[in-house]
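K.L.:
Pasting the sequence and the predicted model now:
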Amino acid sequence: MKPSTNRMLTRIKSVYMFIYERGTVTTQQLVDEFGITPRTIQRDLNVLAYNDLIHSPCRGKWTPTKKKVKLSS
């Protein structure tokens, strides 16, 4: 796997864990926490939403779904 792909997957996993641990977060909280651009966060959120791991109850807010996830290191 390319280093850039590995870095992206690690970041997406971190974003998911941040959302999962806090329940509901805003896009801006994610930008502030991870220090990356809003566009990059949006791409990561799209990947998580596509895989039914998070959903947006209203614009700019994200919550985890009830889907079971097995996380490996």
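P.N.:
Good, I have the coordinates. Numbering: from 1, shown residues only.
K.L.:
On the C-terminal side of the strand or helix carrying S4, identify the next helix or strand.
P.N.:
Element membership for S4, per DSSP states H and E: helix 3-22. Counting by DSSP H and E, the element after helix 3-22 in chain order, helix or strand, is strand 25-26.
K.L.:
That following strand - contacts with which helices or strands?
P.N.:
strand 61-64 (3 or more Cβ pairs under 8 Å, 6 or more residues apart in numbering; DSSP states H and E). Yep, even glycine has a C-beta here, placed from its N, CA and C like the rest.
K.L.:
can you dump the C-alpha coordinates of the strand it packs on into CSV?
P.N.:
Taking Å, rounded to 0.1, in the frame of the first residue of the first chain, the C-alpha atoms of strand 61-64 are listed here in CSV:
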residue,chain,number,x,y,z
LYS,A,61,-23.1,17.9,12.3
TRP,A,62,-22.1,14.2,12.3
THR,A,63,-23.0,11.3,14.5
PRO,A,64,-22.0,7.6,14.4
